[in-house]
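Undergrad: Structure of the sequence below:
(chains A and B)
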Amino acid sequence: MMTLRPLATRRLILQGAASVALLGLGNLPFAPAHAAANDKYPEEAFKQKGEADAIKALYGRTAEPSDKVKLDAPEIAENGGVVPISVTTTLDKVTSISFFVAENPSALAASYRIPDGTIPGVANRLKMAKTTNLTAIVEADGKLYSATKEVKVTVGGCGG
Amino acid sequence: MASSIRVRATSNGDITEVQALIQHPMDTGFVKDAKGELIPAHFIQELKFECNGKDVFVADWGTAVSKDPYVKFSFRGARKGDDLKISWTDNKGGSDTITAKIA
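TA: Here you go, the predicted model:
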């Protein structure tokens, strides 16, 4: 009996190592040397509930509003499940663009890494649980700039 | 099996505009099925576009991206006929890859 325990533990450790190895393999093609500053999937940031916490988890600092960030979102979204949202900016040296929906179950919706040579702008479609503020953050030359707009949602995006 | 990724990449001078549409349920984990049981979260986490051996655009997504996600962006430095490789991985380990020619 005394020998069984260490064996079991060892097996657990081996299993753990195996899954770590698998995860490592899975990530390998997505870890290029020349990616933007944050080149890993920001798991923690996506888990944060509030917008402020999510921004902090993703960037570690706060953004200042800027009229150089142009956020295009509808005034009223009839279907919160599909809200077309796009951002463009005239800022230089943009390395990432992220979207936050303040009152979604998790505020961070999407984060885009913008390598050199890519035009700083993106259009996508997001879910919004209810009427709330939508914030786009542009990371440019190491600083954060934001634009915020309220979107009225008439039918929620979380099956409501 | 047909690819889950549909992509249109068109070059206009130095700028290539890319639009991609991916078939994926993007389940949030908050929605219940007909039996009243929660459908577990199932969503694309990372979507990557590569051209000429270089990442040109990388998306990190959470559950708030709409079902059958759509994304549009543009980049410089590619020409007509270049290959654009698109790949995604989801939170359940699913993945898909496609290579498109820039038109």
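
Undergrad: all contacts plus neighbour counts: C-alpha atoms, from now on.
TA: OK.

Undergrad: Skip the chain neighbours and tell me the closest residue to the residue of chain A found nearest chain B.
TA: Chain B sits closest to A:Thr118 of chain A, with a gap of 3.9 Å, by Cα to the nearest Cα. Among residues not flanking A:Thr118 along the chain, B:Phe75 sits closest, at 3.9 Å (Cα to Cα, 6 or more residues apart in numbering or on different chains).

Undergrad: Give me the phi and psi angles of that neighbour.
TA: phi -150, psi 160 (degrees, to the nearest 10).

Undergrad: show me what contacts it?
TA: A:117-119, B:15-17, B:56 (Cα atoms under 8 Å, 6 or more residues apart in numbering or on different chains).

Undergrad: bridging residues for it?
TA: A:Thr118, B:Thr16 (DSSP bridges).

Undergrad: Return stretch A:104-120 as CSV; C-alpha atoms alone will do.
TA: The C-alpha trace of stretch A:104-120 is given here as CSV (Å, rounded to 0.1, in the frame of the first residue of the first chain):
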residue,chain,number,x,y,z
ASN,A,104,-21.7,41.9,-20.7
PRO,A,105,-21.0,38.9,-18.4
SER,A,106,-17.3,39.3,-19.4
ALA,A,107,-16.5,42.8,-20.5
LEU,A,108,-13.6,42.0,-22.9
ALA,A,109,-15.2,40.9,-26.2
ALA,A,110,-12.3,40.8,-28.6
SER,A,111,-8.7,41.9,-28.8
TYR,A,112,-6.8,42.3,-32.1
ARG,A,113,-3.0,42.3,-32.5
ILE,A,114,-2.0,44.7,-35.2
PRO,A,115,1.5,43.9,-36.6
ASP,A,116,3.6,46.4,-38.5
GLY,A,117,2.2,47.0,-42.0
THR,A,118,-1.4,46.3,-41.1
ILE,A,119,-3.8,49.1,-41.3
PRO,A,120,-5.1,50.0,-37.8
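
Undergrad: now that stretch: how far from the chain's centre is it?
TA: Centroid displacement of stretch A:104-120 relative to its chain, using Cα atoms, centre = their mean, to the nearest Å, is 6 Å.

Undergrad: Averaged pLDDT, that stretch. What do you get?
TA: Averaged across stretch A:104-120, the pLDDT comes to 96.

Undergrad: who's in contact with the closest residue to B:Arg79 other than its chain neighbours?
TA: Spatially, and ignoring its direct neighbours in sequence, B:Arg79 is nearest to B:Ser11 (6.4 Å; Cα to Cα, 6+ apart). When contacts are counted by Cα under 8 Å, 6+ apart, B:Ser11 touches B:17, B:78-80, B:102-103.

Undergrad: name the helices or strands packed onto the one helix or strand A:Ala110 maps to?
TA: Taking DSSP states H and E as the criterion, A:Ala110 maps to strand A:108-113. For strand A:108-113, the packing partners by 3 or more Cα pairs under 8 Å, 6 or more residues apart in numbering or on different chains; DSSP states H and E come out as helix A:43-47, helix A:51-59, strand A:94-101, strand B:54-61.

Undergrad: Distance to B:Ile39, mean neighbour count and mean pLDDT added to these, as a markdown table?
TA: A markdown table is the format used below for those (distance: least, Cα to Cα, whole Å; neighbours: other Cα atoms under 10 Å in any protein chain shown; pLDDT from 0 to 100):
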| stretch | distance to B:Ile39 | mean neighbour count | mean pLDDT |
| --- | --- | --- | --- |
| helix A:43-47 | 18 | 17 | 95 |
| helix A:51-59 | 24 | 19 | 95 |
| strand A:94-101 | 22 | 25 | 97 |
| strand B:54-61 | 18 | 23 | 96 |
